[in-house]
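S.K.: Just a sequence and a predicted model for now, questions to come.
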Amino acid sequence: MSVLVYTENWDGKFKKLSFELVSYATGVAKMLNSTVTAVSVGKVEETELRKLGNYGANKIINVNNEQLVSLDSQAYAYVISEISRKENASVIIISNNNTGKAVAPRLSVRLKAGIGSGVSKLPLNLNPFTVYKRAYSGNAFAHVIIKSDVKIITLAQNSFGLIDTANNATIENINVSVDGSLLKTVVKDVQKQTGKIVLTDADIVVSGGRGMKSPDNWTPLVELASLLDAATACSRPVSDEGWRPHEEHTGQTGKIIAPNLYIAVGISGATQHLAGVSSSKYIVAINTDKDAPIFGSAQYGIVGDAMKVLPRLVDAVKAIKK
Amino acid sequence: MKILVCISNVPDTTTKIKFAEGNASIDTAGIQWVINPWDELSLTRALELKDDSASGIKSVTVVHVGPATSEPTIRKALAIGADNAIRVNAESSDAWFVAAQIAEVVKAEQFDIIMCGIESSDFNGSLVGGMISEFLGIPSVSAVSGINIENGQPVLTREIDGGKEIVEIPAPFVAIVQKGIAKEPRIAAMRGIMMARSKPVKLVEPFPVESLTEVAEFEKPSSRAACRYIDAENPAQLIDLLLNEAKVI
């Protein structure tokens, strides 16, 4: 019996998300008196693989297979299910990011394993196996019982954090050959943003709403974000108007994020917007309307005009950086 | 080619959620039910493809797993423009159960493209689309923000961390769609509402499967501490608090 965790890599490197998953898997393994096996797919150097041991992985299975260069959810689910059977995994942990959402449900059917998705805490109970997850777009949390023998948990990003647990993990390189009939997704083109902090990875996010008044007013917001090493985001009306790219839309139908700090500038805080940001650890609201609902979700607030407040915040951050 | 759009019946986002006695389900009194927002976008895109004769899409069917009380949501999908509907007559107990039902429908009726919203706004599972494809053993693409058919070949745009990919996939397949797939949901016109009354809704009895998960209870999110206000003339104080009190910068 082991806890299996799928650790995604990006161009051969792991991210905080990967280490958070291993930290979480280590927590689950402790509850079960079990061990952690991490699965990595793709070309990752041994020094990078070793890092997974710093968060508690006992064993690392490295699948380097040319067939799996780009994500094919059917093929990936097959590979992970084969390893899971071989390792006799009782709990499988995957991120709730785009890759996890593509692979986990397919894996569930392959293994007849029930899923708790978007989980944000260690299991509440082992018997019955109960997980804690977001529901009703952040307006509720559910205690979900997983009844199957094998359980799958998809972990909400940035919900658990990193826990150092040094282990000298063993590395096993294996090859799992995948039948061509499972490889149907052909990637014709990749368009990547370069030099920008990925919104879902960011610890700090500075976000603008209609209160920014015009697409021409974004300079101080972008400057503040850059000084704080933050990603930029926006509300739905802003992306609908084309003031900012739709990848920046945070909210119920846009991106759901959980940074340590979310600075909402000129955003009133409609239910749909809060649904995407309510898991942020701290929310700062800057708005001219003192009755805006965003203040009800914020720990810190400034009632004022963004155009006046933002340049002053930029100066204040510059001052502490000196 | 035929498209199947899977729709879920959910409380309107602005509805205040209350729980029923025992906290294991929601109190449905006074709830306004709507088509799940992502499913509504996927229906819109399916209808746009059908409107374009070059796409080769001949029909758009919607499928829903739910009791008779969800009929108004199905009628709304027909009023927006779906050609016909299938309702599997069962309470949707979990994603596994729902996906197994829809997989049976696809086996019986054969569709080329199956479209699912990336999540439902009630259980936020992001599971049903992927499960349907694995039950059927067909490919799936998730986080799809664009779908076109070029000379009979489906071409999809999928979102990845920090970018997007253009992907080709042979039919039949499942497209699990998100924001961007259609600009705005299509709204039912009066003519559509009239026509929806006479469009066929096929009733299917459920295929026997056990659910793998169940909700033991719901709880409300814990409320945050009251907002602390900082003078707009002195934002340096905010930076000081973020640095020394919250310790987040």
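M.R.: Looks like it came in fine. Remember, predicted model here, so these are calculated numbers, not experimental data.

S.K.: How about residues contacting stretch A:211-219?
M.R.: With contacts defined as Cβ atoms under 8 Å, 6 or more residues apart in numbering or on different chains, stretch A:211-219 is touched by A:208, A:221, A:238, A:241-244, A:265-268, A:287-288, A:306-307. From N, CA and C alone the C-beta is placed, and that goes for glycine too.

S.K.: Please spell out the ChimeraX selection for the buried subset of those.
M.R.: Selecting only the buried entries of the contacts of stretch A:211-219 in ChimeraX, with 16 or more other Cβ atoms under 10 Å in any protein chain shown as the criterion:
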select /A:208,221,238,243,244,265,266,267,268,287,288,306,307
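
S.K.: Which of the contacts of stretch A:211-219 fall within strands?
M.R.: Counting by DSSP state E, the contacts of stretch A:211-219 place A:208, A:265, A:287 in strands.

S.K.: Centroid-nearest residue for chain A?
M.R.: Nearest to the centroid of the C-alpha atoms of chain A, with distances taken as Cα atoms, centre = their mean, sits residue A:157, at 2.9 Å.

S.K.: That one and residue A:98 touch, don't they?
M.R.: No - counting by Cβ atoms under 8 Å, residue A:157 sits too far from residue A:98 to count as a contact (10.6 Å).

S.K.: residues touching residue 229, list them.
M.R.: As the question left the chain open, I've gone with chain A. Residue A:229 makes contacts with A:197, A:203-204, as judged by Cβ under 8 Å, 6+ apart.

S.K.: try chain B instead
M.R.: For residue B:229, the contacting residues are A:300-303, by Cβ under 8 Å, 6+ apart.

S.K.: 7 Å instead?
M.R.: A:301, A:303 (Cβ atoms under 7 Å, 6 or more residues apart in numbering or on different chains).

S.K.: Need the phi and psi values for residue 33.
M.R.: Chain wasn't specified; assuming chain A. Per-residue torsions, residue A:33: phi 60, psi 50 (degrees, to the nearest 10).

S.K.: Any idea how many residues pack against residue A:64?
M.R.: 13 (other Cβ atoms under 10 Å in any protein chain shown).

S.K.: Quick check: closest non-adjacent residue to it.
M.R.: The shortest distance from residue A:64 to any non-neighbouring residue, by Cβ to Cβ, 6 or more residues apart in numbering or on different chains, is to residue A:43 (5.6 Å).

S.K.: Looks like that neighbour contacts residue A:62 (just checking).
M.R.: No - between residue A:43 and residue A:62 there is no contact under Cβ atoms under 7 Å: 9.2 Å.

S.K.: which one of these two has more residues nearby?
M.R.: residue A:62 (19 against 15).

S.K.: The more buried one belongs to a strand?
M.R.: Yes - assessed with DSSP: H, G, I helix; E, B strand; the rest coil, residue A:62 lies in a strand.

S.K.: Quick one: residues contacting it.
M.R.: So residue A:62 contacts A:40, A:44, A:49, A:171-173 (Cβ under 7 Å, 6+ apart).

S.K.: the helices in chain A, which residues?
M.R.: A:16-32, A:46-50, A:73-86, A:98-111, A:219-227, A:236-240, A:271-277, A:294-297, A:306-321 (DSSP state H).

S.K.: Would you mind telling me which of those helices is nearest residue A:126?
M.R.: Of all the helices of chain A, helix A:16-32 sits nearest to residue A:126, with 6.2 Å by Cβ to Cβ.

S.K.: can you count the residues close to residue A:23?
M.R.: Neighbours around residue A:23, by other Cβ under 10 Å: 22.

S.K.: Next, count neighbours for the residue nearest to it when sequence neighbours are not counted.
M.R.: Leaving aside its chain neighbours, residue A:23 sits nearest to residue A:163 (4.2 Å; criterion: Cβ to Cβ, 6+ apart). Residue A:163 has 15 neighbours, counted by other Cβ under 10 Å.

S.K.: if I look at residue A:163, how far off is chain B?
M.R.: As judged by Cβ to the nearest Cβ, to the nearest Å, residue A:163 and chain B stand 18 Å apart.
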